[in-house]
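> This is the structure alone, sequence omitted:
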């Protein structure tokens, strides 16, 4: 019986691996703008820990997020990633690249609240909006010249890449000396040291590594409620993938959610500087 | 695609490309906007750009006469009016339709609806 359960679980995880890489993004490309989905990350909710102090202070100063209020948990995740940057929250005149920028709403957010920063470029394999200078590009073959950027940002995307070592080498290549790479992602615990070693091998010095799974679990509770509501209003062809979509955003009651709660999978935030 | 983006772009990820910069640029359609000029921001940006590529971009939209063929000495010494010419090229021009072309292999990357497609074509590494 245990063997059967294990095999079923394995098949389910293989399906989700396939779904995340080959079905979800083409599906979301069609559906996300119609449903008002601006971000596709698990979200974050800052706690009272000292590492969240700067982010809490910055967000308190902003107060009401206006049209971004429904997306607060997603914004918090971006702020968490950026808060590791030595110049946070002031990215004035920085030349910034976000790899896997989605629809570009994070770039709009940065321009509005962390600038003035006019040199914002996004890169993604799936592009749904012509805003903020997004280019179709591959994270492991970035279409940018050497030493072009001051700051590279990558939030909850690298776990989908085919070659994280190549990705890190590309980030190092496009950054100027002293440039900063801020990264946040969901990973297996054993991956973290491998990624850090690969970053060091690519020419980065590690400045900050932090596990923030608990705060992401709180964040995704907010996110899941919103996504579950949207799913109920979605077209039938989207609802056909309801179970898989709920697993992708780690909704409560899914195995994916349990893996995060039990820390079989963890959420890591890291910052490296190019030397 | 705002014209300043061209200054960042490279085709070095292609097979047999050693530099891949600056990309050639063919502009079939563009729009001009009126983004607010900021002297400090413009100078910071100009201190980081590759001037050769900027001239290529300006020529692609027939506005090379706005700027000198050779890079000026110190950006800080330019007047606001002079800096506004550079600001206009970098920030106010939005390419809607065109092509980016690898200078070494002549691989063409289309720009459609303002979005450059830099994904590797079939047959490339």
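Good, I have the coordinates. Nothing here was measured: the structure is a model prediction, and the numbers come from that model.
> For chain A, which residues are neighbours of chain B?
Within chain A, the positions near chain B by CB under 8 Å from any CB of the partner chain are A:93, A:95, A:116, A:118-119, A:121, A:123, A:125, A:127, A:130, A:133-138, A:141-146, A:148-149. Backbone N, C-alpha and C define where each C-beta goes, glycine included.
> Just the buried ones from the residues you listed, in PyMOL syntax?
Selecting only the buried entries of the residues of chain A next to chain B in PyMOL, with 16 or more other CB atoms under 10 Å in any protein chain shown as the criterion:
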select buried, chain A and resi 93+95+116+118+119+121+123+127+133+134+135+136+137+138+141+142+143+144+145+148+149
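> Relative to the whole chain's centre, how far out is stretch B:89-96?
Centroid separation between stretch B:89-96 and its chain, computed with CA atoms, centre = their mean, to the nearest Å, is 9 Å.
> Also stretch B:19-26?
With CA atoms, centre = their mean as the basis, stretch B:19-26 stands 9 Å off its chain's centre.
> List the buried residues of it.
B:20-23, B:25.
> With secondary structure as added columns, please give those residues in TSV.
Shown next, in TSV, are the buried residues of stretch B:19-26 (DSSP: H, G, I helix; E, B strand; the rest coil):
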residue	secondary structure
B:20	coil
B:21	coil
B:22	coil
B:23	coil
B:25	strand
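> Next, give me the two most distant ones among the residues you listed.
B:20 and B:25 (13.5 Å; CB to CB).
> and for the helix or strand of chain A with the lowest mean pLDDT, what are the contacting residues?
Averaged element by element with mean pLDDT, DSSP states H and E, chain A has its least confident helix or strand at helix A:24-35 (a mean of 76). For helix A:24-35, contacts defined as CB atoms under 8 Å, 6 or more residues apart in numbering or on different chains pick out A:37-38, A:40, A:103, A:125-126, A:128-129, A:230, A:233-235, A:238, A:241, A:244-245, A:248.
> Would you tell me what the next helix or strand after it is?
Proceeding N to C from helix A:24-35, the next assigned helix or strand is helix A:53-62, under DSSP states H and E.
> relative to helix A:53-62, how tilted is the very next helix or strand once past that next one?
Per DSSP H and E, the first helix or strand lying C-terminal to helix A:53-62 is helix A:72-82. Relative orientation of helix A:72-82 versus helix A:53-62 (axes from the mean of the first three to the mean of the last three CA atoms, to 10 degrees): 130 degrees.
> How about residues contacting the helix or strand just after helix A:72-82?
Using DSSP H and E, the next helix or strand after helix A:72-82 towards the C-terminus is strand A:96-99. Applying CB under 8 Å, 6+ apart, the contact partners of strand A:96-99 are A:106-107, A:110, A:117, A:119-124, A:139, A:142, A:144, A:148-155, A:157, A:167, A:171, A:174.
> Helix or strand: which one has residue B:36?
Using DSSP H and E, no helix or strand contains residue B:36.
> same thing with residue B:26?
Going by DSSP H and E, residue B:26 is part of strand B:24-32.
> May I have the predicted confidence score for the spatially closest residue to residue A:75 that is not a sequence neighbour?
In space, and not counting its chain neighbours, residue A:75 is closest to residue A:68: 5.8 Å by CB to CB, 6 or more residues apart in numbering or on different chains. Per-residue confidence (pLDDT) for residue A:68: 89.
> Number of residues surrounding the closest residue to residue A:55 other than its chain neighbours?
Take residue A:55 and drop its neighbours on the chain: the residue closest to it by CB to CB, 6+ apart is residue A:83, 4.3 Å away. By the criterion of other CB atoms under 10 Å in any protein chain shown, residue A:83 has 24 neighbours.
> Would you check that residue A:83 makes contact with residue A:56?
No: contact between residue A:83 and residue A:56 fails when scored by CB atoms under 8 Å: they sit 9.4 Å apart.
> Just the pLDDT for the closest residue to residue B:58 other than its chain neighbours.
Nearest residue to residue B:58, sequence neighbours excluded (CB to CB, 6+ apart): residue B:64, at 4.4 Å. For residue B:64, the pLDDT comes out at 94.
> residues from chain B in reach of chain A?
Counting by CB under 8 Å from any CB, the residues of chain B close to chain A are B:1-2, B:4-5, B:8-13, B:20-21, B:35, B:38, B:40-41, B:44-45, B:48, B:50, B:91, B:109, B:113-120.
> Residue A:196: what's it in contact with?
Residue A:196 sits next to A:206, A:209, A:270 when contact means CB under 8 Å, 6+ apart.
> go with 10 Å
By CB atoms under 10 Å, 6 or more residues apart in numbering or on different chains, residue A:196 lies in contact with A:168, A:204, A:206, A:209, A:268, A:270, A:272.
> With residue A:183 instead?
Counting by CB under 10 Å, 6+ apart, residue A:183 touches A:81, A:84, A:99, A:152-158, A:167-168, A:171, A:195, A:199, A:204, A:208-209, A:268-272.
> helix or strand for it, which one?
Going by DSSP H and E, residue A:183 is in strand A:175-187.
> Could I get the buried residue list for that strand?
Neighbour-count burial for strand A:175-187 [16+ other CB under 10 Å]: A:175, A:179-187.
> now residue A:110: how far from chain B?
Distance, residue A:110 to chain B, by CB to the nearest CB, to the nearest Å: 15 Å.
> Which phi and psi values does that residue adopt?
Backbone dihedrals for residue A:110, given as degrees, to the nearest 10, come out at phi -60, psi -40.
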